[in-house]
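show me how the following folds:
(chains A and B)
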Amino acid sequence: EAQVTQNPRYLITVTGKKLTVTCSQNMNHEYMSWYRQDPGLGLRQIYYSMNVEVTDKGDVPEGYKVSRKEKRNFPLILESPSPNQTSLYFCASSFGLFRGELFFGEGSRLTVL
Amino acid sequence: TQLLEQSPQFLSIQEGENLTVYCNSSSVFSSLQWYRQEPGEGPVLLVTVVTGGEVKKLKRLTFQFGDARKDSSLHITAAQPGDTGLYLCAGARDSGGSNYKLTFGKGTLLTVNP
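Okay, the predicted model is just below:
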């Protein structure tokens, strides 16, 4: 089954404790991206990757890091989480954005205390 | 300034009613997508429109891309409670070098009451 898998789905952590949200896709997609979704602000792009070893900042990259060492995986790293990073996070992948067709994971709800 | 404006933001209707959701921009898009998101899940692609003036139908849902490729509408006929969800439009634009940037609207939260 074609899917984008994120882990963990739910996480409560404390300020400053490094965490990683994993994302894996089994569709051989070149493009992968991370979004955060907040009430009233919609989906905002954090980072994206056009291919292995090619990553770039989205609209709200501060406080986040990513890596793309393999085509299927695109982890999101919060080196020192802060309460303003409490949000619902989505990983997504695509063959290419001309048609803009993204496949989303089920989301990771992160709470930073 | 929001690149893609969706309206209305919230819509609560009774089962059986018709509705239209709008997605407007001053920018031209190479393609436009509509997604539906249910609580606790990620957005799921409903349709992609590419050609100006294009109309696509998905059962009771009708999607239209504006002639100038700057706007789109989603019309639902005889809404059902199962149509409840957050409807998101997203537009893809050429950002140079054969790269495309996807921009999302903030969504329309639809509630269909039995």
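
bridging residues for the residue of chain A found nearest chain B?
Using Cβ to the nearest Cβ, the closest approach of chain A to chain B is made by A:Phe104 at 3.2 Å. Heads up, the C-betas are built off the backbone N, CA and C, glycines and all. Beta-bridge pairing of A:Phe104, defined through DSSP bridges, involves A:Ala92.

residues contacting the nearest residue to B:Gly82 once chain neighbours are set aside?
In space, B:Gly82 comes closest to B:Val112 once its chain neighbours are excluded; the distance is 7.8 Å by Cβ to Cβ, 6 or more residues apart in numbering or on different chains. Counting by Cβ atoms under 8 Å, 6 or more residues apart in numbering or on different chains, B:Val112 makes contact with B:Ile13, B:Gln14, B:Glu15, B:Glu17, B:Ala79, B:Gln80, B:Pro81, B:Gly82, B:Asp83, B:Thr84.

please apply the same query to B:Phe29.
Listed by Cβ under 8 Å, 6+ apart, the contact partners of B:Phe29 are B:Arg69, B:Lys70, B:Gly91, B:Ala92, B:Arg93.

most neighbours among those residues, which one is it?
Within those, most neighbours by other Cβ atoms under 10 Å in any protein chain shown means B:Gly91, with 26 neighbours.

which ones are touching that residue?
Contacts of B:Gly91 (Cβ under 8 Å, 6+ apart): A:Gly100, B:Leu3, B:Leu4, B:Cys23, B:Ser25, B:Ser27, B:Phe29, B:Ser31, B:Leu32, B:Gln33, B:Leu102, B:Thr103.

and it, which of the three is it?
What DSSP: H, G, I helix; E, B strand; the rest coil gives for B:Gly91 is strand.

for it, give its distance to A:Lys57.
Using Cβ to Cβ, to the nearest Å, B:Gly91 is found at 20 Å from A:Lys57.

about what we covered before: now, which of the contacts of B:Val112 lie within strands?
In strands, judged by DSSP state E, the following of those are found: B:Ile13, B:Gln14.

buried only: go through the contacts of B:Gly91 for me.
Burial by neighbour count, 16 or more other Cβ atoms under 10 Å in any protein chain shown: within the contacts of B:Gly91 this picks out A:Gly100, B:Leu4, B:Cys23, B:Ser25, B:Phe29, B:Ser31, B:Leu32, B:Gln33, B:Leu102, B:Thr103.

strands of chain B, start to end?
Going by DSSP E, chain B shows strands at B:5-7, B:10-14, B:19-24, B:31-37, B:44-49, B:55-58, B:61-65, B:71-76, B:85-96, B:99-104, B:108-113.

columns pLDDT and distance to A:Ile12 on top of the contacts of B:Gly91, output as TSV?
Below are the contacts of B:Gly91 laid out as TSV (pLDDT from 0 to 100; distance: Cβ to Cβ, whole Å):
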residue	pLDDT	distance to A:Ile12
A:Gly100	66	33
B:Leu3	84	34
B:Leu4	92	33
B:Cys23	97	35
B:Ser25	95	38
B:Ser27	91	39
B:Phe29	91	39
B:Ser31	90	38
B:Leu32	93	37
B:Gln33	94	33
B:Leu102	86	30
B:Thr103	89	31
